[in-house]
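S.K.: attaching a predicted model along with its sequence, questions to come.
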Amino acid sequence: MQTDAIFRVFAGIAVLIIMVIAGTYRRRATSGESFPVEEEGLAIAIPLRVGGLLGWLYAPALALFPNALGWTTFDLFPTWLRAAATGVALLVVPPFVAWAQRSLGRSVSPTVIVRKEHGLVTEGPYRYIRHPLYTAGAVFFLSIGVMTESWFLLGALVILFGVLLIRTGKEEAKLIEAYGSEYRRYMQRTGRFFPRLFQRG
């Protein structure tokens, strides 16, 4: 259907936009610095990196080769919902990711390693959420899954988010180790993935 083709193209475009934004900020922050994955463990690092790579490649591949990947989709969502997901993926997530990356600055890290010398970031979306980029990634790939009606991508997202939850626990343990009571107070006033409605204490 023509409608399916349009949504597939928009999904591919959305992925490319996010890749450019995230890649640009990450290159500025890391400047060729290496980040060993031993701290988070191969059981976390491998699924996240393999799954992430497949996630980034999936939407452009589906737009280019819809017949070959037709088995990964189903006919389930109404057009209005797919259109709403398109708006989120193209108009909401990209500026949010840019805001979070800009707030994070040189503290960007692809692993759970904490670079204490850069300080604890509590500005921008980090004022309300401790892991806004994880939230943005989940919302983004959920939107792409709805746009393309891909059971494959939605199923993979559930699995990867489970792995990400484990990694987040390790990451926060490292942050507590690095920043101590400062990070504990920060945890009390912020939500992990969504803003806290009621502060503790």
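M.R.: Nice, I can see it. Just so we're clear, the structure is a prediction, and the values are computed from it rather than from any experiment.
S.K.: same for the host helix or strand of Ala156, what does it pack against?
M.R.: Under the assignment given by DSSP states H and E, the secondary-structure element containing Ala156 is helix 151-179. Contacts defined by 3 or more C-beta pairs under 8 Å, 6 or more residues apart in numbering; DSSP states H and E place helix 151-179 against helix 42-64, helix 132-148, helix 181-189. (C-beta placed from N, C-alpha, C; glycine too.)
S.K.: how many residues are close by Arg167?
M.R.: Residues contacting Arg167 under the criterion other C-beta atoms under 10 Å number 20.
S.K.: so it makes contact with Pro47?
M.R.: No: using C-beta atoms under 8 Å, Arg167 is not in contact with Pro47; the gap is 9.6 Å.
S.K.: buried sites along stretch 78-88?
M.R.: Residues Arg82, Ala83, Ala85, Thr86, Val88 are the ones in stretch 78-88 that count as buried (16 or more other C-beta atoms under 10 Å).
S.K.: who's in contact with it?
M.R.: Contact partners of stretch 78-88, identified using C-beta atoms under 8 Å, 6 or more residues apart in numbering, comprise 3, 7, 10-11, 14, 139-140, 142-144, 146-147, 149.
S.K.: select only the buried ones of those residues in PyMOL?
M.R.: What follows is the PyMOL syntax selecting those of the contacts of stretch 78-88 that are buried according to 16+ other C-beta under 10 Å:
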select buried, resi 7+10+11+14+139+140+142+143+144+146+147+149
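S.K.: and the furthest pair within the contacts of stretch 78-88?
M.R.: Taking C-beta to C-beta, the two most distant members of the contacts of stretch 78-88 are Thr3 and Val139; they sit 22.7 Å apart.
S.K.: so Gly191 touches Arg130, yeah?
M.R.: Yes: distance between Gly191 and Arg130: 7.1 Å, which falls inside the contact criterion (C-beta under 8 Å).
S.K.: who has more neighbours out of those two?
M.R.: Neighbour tally, Gly191 and Arg130, criterion other C-beta under 10 Å: the higher count belongs to Arg130, 22 against 15.
S.K.: how far away is the more buried one from Arg192?
M.R.: Remark: distance between Arg130 and Arg192 (C-beta to C-beta, to the nearest Å) = 5 Å.
S.K.: in the chain, what helix or strand scores lowest on average pLDDT?
M.R.: Within the chain, no helix or strand scores below helix 42-64, which has a mean of 83 by mean pLDDT, DSSP states H and E.
S.K.: in that helix, what counts as buried?
M.R.: Taking 16+ other C-beta under 10 Å as the basis for neighbour counts, the residues of helix 42-64 that come out buried are 44-45, 47-48, 51-52, 55-56, 58-63.
S.K.: about what we covered before: can you list the helices and strands packed on helix 151-179 in a markdown table and add distance to Glu172?
M.R.: Output for the helices and strands packed on helix 151-179, formatted as a markdown table (distance: least, C-beta to C-beta, whole Å):
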| stretch | distance to Glu172 |
| --- | --- |
| helix 42-64 | 14 |
| helix 132-148 | 12 |
| helix 181-189 | 7 |
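S.K.: understood, closing this out.
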